[in-house]
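S.K.: What follows is a predicted protein model with its sequence.
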Number of protein chains: 2
Amino acid sequence: MKDPETFAGLTAGRTLDHVLDLHLRLAQSATQRRFSEIFSDLGITQTQLTAMLLIAETPGTSQADIGRTLQMDRATVMGIINRLEGRSLIVRGQSTEDRRRQTLEITEQGVAMLSAAHERSGELGLWLRERFSDAEFHMLAALLKRIHEVDIGGL
Amino acid sequence: MKDPETFAGLTAGRTLDHVLDLHLRLAQSATQRRFSEIFSDLGITQTQLTAMLLIAETPGTSQADIGRTLQMDRATVMGIINRLEGRSLIVRGQSTEDRRRQTLEITEQGVAMLSAAHERSGELGLWLRERFSDAEFHMLAALLKRIHEVDIGGL
DNA sequence: GCGATATTGTATGCTATACTAACATTTATT
DNA sequence: AATAAATGTTAGTATAGCATACAATATCGC
């Protein structure tokens, strides 16, 4: 594993195209695993927490908005919101302007959850940051951003 | 979304620690989505393809080896190998040296699948590479590697 | 050699994510 | 007014990931 052109026993020739995609997947799954450990007592997932943060930042958002921001299907967002509402961390309300929409709000229990999560976020942040200089950290974020933000000039 | 310190409407103060983890997740899911599109006619997933490539590169590997390389649980690897074997893309054999182990081999159909996948890999590679210079591409891969490779100095 | 321990594969069951397809309601467009 | 689009919902499917338990085999410590 010393040759920078190889990965996990795969020679460069056949799998160089896979290298980035593999690193991306492994890095993401490692982070998710670490997240699960740190947040295990809260019983919340990365995606669920992100959804809650979005709702907390923009009270009254809709499921469709969350789907657009996190690039998730409507049906997928449904499932996530259902789980959060099932645990009374958020509530659905009715929009007065657009009667198709439902407003999403954080409950008191949700606020408590976010507060508890906030400490642990720092721990996860440290786990990630300790690998990088500040410059590298920002560079990495910026590079990753290009993958999901620039979707053939879309969104 | 012009301020580099904000993301998706979240202000830096509360969620900066989440920025990298979010970008990582979004980048990975965007890549996976693109993969699904490109490989849709083959009906194979990123993980399954990676497992097949590992087996192709190291015929006779075991499920445990794959699990270690891809950082997956034994039970998880089981499921993936079951799906691949169910489609006759690989076969399980018996190890002569260690009778706990089973050897994994690519079948003829598996070779055909890898061949068909190889073209499409290029397409996915392009989709990723077009966002970056060569230097950036390698930098990104190297930075990602630190997240999963250096797990508190392990592996 | 023998007992304790570790490794490997397996089976079961549970959960979360992600997607498709269809449907109803409401809003926007033409 | 008719058509199209957006939103939420439901139902069904597939995949991945995990915990747990079990059985067979290897390895280690003594």
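M.R.: Received, thanks. Numbers count the residues shown, from 1 in each chain, chains lettered A, B, ... in the order given.

S.K.: Going by C-alpha atoms from here, please, whenever you check contacts or count neighbours.
M.R.: OK.

S.K.: The helix or strand where residue A:117 lies near chain B anywhere?
M.R.: Residue A:117 belongs to helix A:108-129 when assigned by DSSP states H and E. Yes - using C-alpha under 8 Å from any C-alpha of the partner chain, helix A:108-129 reaches chain B at A:121, A:122, A:124, A:125, A:128.

S.K.: From the recorded domain assignment, give the ranges for chain A.
M.R.: A:1-38, A:44-147 (automatic domain parsing).

S.K.: Let's test this: mean pLDDT of the first one, rounded?
M.R.: Right, the one you point to is domain A:1-38. Average pLDDT, domain A:1-38: 68.

S.K.: since we're on residue A:75, how many residues are nearby?
M.R.: For residue A:75, the count of nearby residues is 12 (other C-alpha atoms under 10 Å in any protein chain shown).

S.K.: secondary structure class for it?
M.R.: Here residue A:75 is helix, with the state taken from DSSP: H, G, I helix; E, B strand; the rest coil.

S.K.: Next up, the contacts around the residue nearest the centre of chain A.
M.R.: In chain A, the C-alpha nearest the mean C-alpha coordinate belongs to residue A:47, at 4.8 Å (C-alpha atoms, centre = their mean). The contact partners of residue A:47, by C-alpha atoms under 8 Å, 6 or more residues apart in numbering or on different chains, come to residue A:80.

S.K.: Next SSE downstream of the helix or strand where it lies?
M.R.: Using DSSP H and E, the secondary-structure element containing residue A:47 is helix A:46-57. Next helix or strand after helix A:46-57 toward the C-terminus (DSSP H and E): helix A:63-70.

S.K.: roughly how far is that following helix from the heart of the chain?
M.R.: Relative to its parent chain, helix A:63-70 has a centroid offset of 12 Å by C-alpha atoms, centre = their mean, to the nearest Å.

S.K.: That helix near DNA strand D anywhere?
M.R.: Yes - Helix A:63-70 reaches DNA strand D (C-alpha under 7 Å from any atom of the strand) through A:63, A:64, A:65.

S.K.: Provide a list of residue ranges in chain A with pLDDT below threshold.
M.R.: Along chain A, segments meeting pLDDT under 70 span A:1-18, A:150-155.

S.K.: Residues of it that sit close to DNA strand C?
M.R.: Neighbours of DNA strand C within chain A, by C-alpha under 7 Å from any atom of the strand: A:45-48, A:72-76, A:79-80, A:83, A:97-100.

S.K.: again, only using 10 Å
M.R.: A:43-51, A:67, A:70-84, A:86-87, A:95-101 (C-alpha under 10 Å from any atom of the strand).

S.K.: Mark which of these are buried, thanks.
M.R.: A:44, A:46, A:48-51, A:67, A:70-72, A:77, A:80-81, A:84, A:101 (16 or more other C-alpha atoms under 10 Å in any protein chain shown).

S.K.: how about the residues of chain A that lie near chain B?
M.R.: So chain A meets chain B at A:8-10, A:17-21, A:23-28, A:30-31, A:54, A:57, A:69-71, A:121-122, A:124-125, A:128, A:131, A:136-137, A:140-141, A:143-148 (C-alpha under 8 Å from any C-alpha).

S.K.: Using ChimeraX, define a selection of the buried residues within the residues you listed.
M.R.: Here is the ChimeraX selection string for the buried members of those, based on 16+ other C-alpha under 10 Å:
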select /A:10,17,18,19,20,21,23,24,25,26,27,28,30,31,54,57,69,70,71,121,124,125,128,131,137,140,141,143,144,145,147,148
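
S.K.: from the residues of chain A next to chain B, which ones fall inside helices?
M.R.: Within the residues of chain A next to chain B, residues falling in helices by DSSP state H are A:17-21, A:23-28, A:30-31, A:54, A:57, A:69-70, A:121-122, A:124-125, A:128, A:136-137, A:140-141, A:143-148.

S.K.: How far off centre is the helix holding residue A:117?
M.R.: The answer for helix A:108-129 is 13 Å, by C-alpha atoms, centre = their mean.

S.K.: Kindly report the same for stretch A:25-40.
M.R.: Its chain's average C-alpha position is 11 Å from that of stretch A:25-40, according to C-alpha atoms, centre = their mean.

S.K.: do stretch A:56-75 as well
M.R.: For stretch A:56-75, the distance to the chain centre is 12 Å (C-alpha atoms, centre = their mean).

S.K.: How about residues contacting it?
M.R.: A:51, A:54-55, A:77-78, A:81, A:101-106, B:8-10, B:26, B:30.
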